[in-house]
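1. Pasted the sequence and its predicted model underneath.
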Amino acid sequence: MKFRYILAAMVVLPVTLLAAGSQLLGWNNLGMHCMDSDYSVFSILPPYNTIEAQLIVGGKLVTNGSGYTVTYQAVVDASGSLNSTAMGKGNYYSYATALYGAVLGPEGGLAGWNMPGTNNTPQGMLFEATNHPAAGVATPVNWWRAEGIPISPYDDARNKNPYPMMRLIAKSGSTPIATNDIVLPVSDEMDCRACHASGTMAAAQPAAGWVWSGISERDFRLNILRLHDEHQFLQHGALY
Ligand code: HEC
């Protein structure tokens, strides 16, 4: 009855962690983060999901993070899908340095927040009283943030799951006081093939002709680069 045991553990854990009067609210900062399905030609978006979380203790929003920690880690969803690692899921890590100038270690994210890895090591979040400068004028947020986690829509069994889940755990000192399981929606279905795949839409055919490399994932991207470069050349008389 190993299965039953695991199920019981999954259900009981959050309850035992809950202390009276503490609640953890967490969310992904976008409805759905898009990423490329292939990075070998160009990139529109890297894998980059961001979590924000607020802690309520004794009915009040925590506005000073000292003494508390909030972490995230992978958690199995109701269908048994777990997404703990970014490794071995596509070619992002082979091209991240060329595309984004970042030297990333295993599980590494562009903003310094990583995937938990197959050991599912809880990853720390950063408390912020105001939002970070990239968002413009600073406004009070009082949240913990983990920016740019490189999660993909492929779970650890390599099945597609655009709604992977993470467990947030808040601690006071070393004592868990609240937890919450949230979704990090991510899609790699952003696709330009309807018009840019070789042989499709005549209006999108590059003057130099369609690319036929035998790999359709590459062809539509190379067609786009050809078009882009031809337009730049026409408009500016030279490339770039
Ligand atoms: C509904 C059809 C359609 C879709 C979908 C589409 N494109 Fe295009 N795209 C075109 C057409 C047609 C042109 C050529 C326009 C022209 O020659 O003026 C074009 C041109 C371009 C150019 C060259 C523009 C320039 O001025 O340099 C780029 C870059 C481009 N597309 C990128 C993309 C990307 C990236 C995607 C997917 C995220 C995409 N397109 C999806 C139809 C489409």
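-> That came in fine, so what should we check first?

2. C-alpha only now, for contacts and for neighbours.
-> Will do.

3. so where's the longest helix in this structure?
-> helix 216-236 (DSSP state H).

4. any residues touching that helix, and which ones?
-> With contacts defined as Cα atoms under 8 Å, 6 or more residues apart in numbering, helix 216-236 is touched by 38, 40-42, 192-193, 196-198, 204-208, 210-213, 238-240.

5. Can you show me the strands along the protein?
-> Assigned by DSSP state E, the chain shows strands spanning 22-28, 33-34, 49-57, 60-61, 68-74, 123-124, 126-130, 140-149, 165-172, 175-183, 186-187.

6. Of those, which is nearest the ligand?
-> The ligand lies closest, by Cα to the nearest ligand atom, to one member of the strands of the chain: strand 33-34, at 10.6 Å.

7. Chain neighbours aside, what residue packs nearest to Thr121?
-> Spatial nearest neighbour of Thr121, chain neighbours left out: Gln73 (6.6 Å); criterion: Cα to Cα, 6 or more residues apart in numbering.

8. pretty sure that neighbour contacts Met166?
-> Yes: between Gln73 and Met166 a contact is recorded at 5.3 Å, counting by Cα atoms under 8 Å.

9. pLDDT score for Val186?
-> For Val186, the model assigns a pLDDT of 98.

10. Just list whatever residues bridge to it.
-> Taking DSSP bridges as the rule, Val186 bridges to His33.

11. same check, this time on Leu24
-> Leu55.

12. Please apply the same query to Gly124.
-> Thr71.

13. Asp77 - how many residues pack around it?
-> As a burial measure, Asp77 scores 17 neighbours (other Cα atoms under 10 Å).

14. ok, it touching Arg167?
-> No: the criterion here is Cα under 8 Å, and Asp77 misses it with Arg167 at 10.2 Å.
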